[in-house]
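K.L.:
Pasting the sequence and the predicted coordinates here, then a few questions.
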Amino acid sequence: MSVPASHRVVWSLLALLAGCRGRVPATLEQIEADQLALPAVYLTTDGRELIVPANRGDVIVAPGARELAFRAYTCTNPDCPNRERGSAGRPFLFTWPDPLWKVDEQGQLQFDVVPDRAAETVRRGGLPEPTCPGCLERRAKEGESAETRQRYRNWVVYYELPESAARRKELDAEHRNQLQKQGRRR
Ligand SMILES: [Zn+2]
C-alpha cells in the first residue's frame with residue numbers, strides 16, 4: 001500500500017521532531033559514530049547556548065559569529081553552592097575556556113602553539129583543569145591537598161542533554177545487541 005504524499009510530509013516532520021530517537025543504525029561503526037556525534041551544549045563567553053554534535057570537540061566557532069564557544073560542563077558536587085542556580089530547565093552550566101584558542105580574520109579556529117601549554121594557559125588567566133566556579137569560591141586558594149583537588153575535579157563533568165542521554169542508552173543497548181549477534185555468527 002502506498003502512502004499519500006501529504007502523509008509522508010507529516011511523517012518526516014514527526015521524525016524530525018522526534019530527533020533521531022528509535023532509529024537503529026545498521027552497523028557497529030555507525031552506532032559508534034552516532035555515539036560520538038550526540039548533540040551537546042556549547043556556551044559562548046556571554047552565555048549564549050549552542051547545540052552541536054559533541055564530536056566537534058571542546059571548542060567551536062559559533063555559527064554566524066567570530067566568537068568561540070566551549071563545551072558546557074556541570075558540577076555534581078552534592079554541596080555545590082550553585083546547585084540550585086540553573087536556568088531554563090538546565091542545571092548550572094559553565095565552561096573551561098582555553099585562552100590559547102582564538103578566531104582568526106577568516107572566522108577559522110586558531111590555536112597558539114606554545115612550548116608549555118599548561119603554564120601559558122594559567123599565565124593568560126585560564127584554569128589548569130575544568131573547575132566549577134561555584135565550588136571555587138569555597139575552596140582554599142592555597143594548601144589544598146591533591147586528594148581534595150582531585151575530588152573537585154571528579155565532580156565536574158560534561159553536561160549531557162537529557163535527550164542525548166536517552167539516545168546514548170538506546171545506542172549502547174544496540175551496540176551490545178549487535179556484538180552478541182556477531183558472536184553468535186562466529
Ligand atoms: Zn560546584
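P.N.:
Right, received. Where do you want to start?
K.L.:
For the top helix by length along the chain, name the packing helices and strands.
P.N.:
Assignment by DSSP state H gives helix 162-185 as the longest helix of the chain. For helix 162-185, the packing partners by 3 or more CB pairs under 8 Å, 6 or more residues apart in numbering; DSSP states H and E come out as helix 28-36, strand 39-44. Where C-beta positions appear, they are placed from N, C-alpha and C, glycine not excepted.
K.L.:
May I see the buried residues of that helix?
P.N.:
By 16 or more other CB atoms under 10 Å, the buried positions in helix 162-185 come out as 164, 167, 170, 171, 174, 175, 178.
K.L.:
If I follow the layout properly, the first one ends up in contact with residue 38?
P.N.:
Yes: counting by CB atoms under 8 Å, residue 38 is a contact partner of residue 164 at 4.1 Å.
K.L.:
intersection of neighbour lists for these two?
P.N.:
Common neighbours of residue 164 and residue 38, using CB atoms under 8 Å, 6 or more residues apart in numbering, are residue 54.
K.L.:
Show me what from the protein comes close to the ion.
P.N.:
Contacts of the chain with the ion, taken as CB under 5 Å from the ion, map to 75, 77, 80, 132, 134, 135.
K.L.:
So of those, which two are at opposite extremes in space?
P.N.:
Maximum pairwise distance in the residues of the chain next to the ion, criterion CB to CB, is 8.3 Å, between 77 and 134.
K.L.:
what do these two both touch?
P.N.:
Taking CB under 8 Å, 6+ apart as the contact rule, residue 77 and residue 134 both touch residue 83.
K.L.:
and the most centrally placed residue in the chain, what does it touch?
P.N.:
Note on the chain: the residue nearest the mean C-alpha position is residue 40, at 4.1 Å, using CA atoms, centre = their mean. Applying CB under 8 Å, 6+ apart to residue 40 gives the contacts 51, 52, 53, 54, 71, 72, 158, 159, 160, 161, 164.
K.L.:
what residues are up against the last one?
P.N.:
Same thing as residue 164. By CB under 8 Å, 6+ apart, the neighbours of residue 164 are 38, 39, 40, 54.
K.L.:
Go again with 10 Å.
P.N.:
Going by CB atoms under 10 Å, 6 or more residues apart in numbering, residue 164 touches 19, 35, 37, 38, 39, 40, 41, 51, 53, 54, 171.
K.L.:
Test my guess that the second one contacts residue 167.
P.N.:
Yes: the pair residue 35 and residue 167 passes the contact test of CB atoms under 10 Å, sitting 8.8 Å apart.
K.L.:
one step back: what is the nearest of the contacts of residue 40 to residue 119?
P.N.:
Distances from residue 119 to the contacts of residue 40, taken by CB to CB, are shortest for residue 71, at 22.9 Å.
K.L.:
quick one: the strands in the chain?
P.N.:
Using DSSP state E, the strands of the chain run over residues 39-44, 49-53, 59-61, 68-71, 73-75, 93-94, 101-103, 109-111, 156-158.
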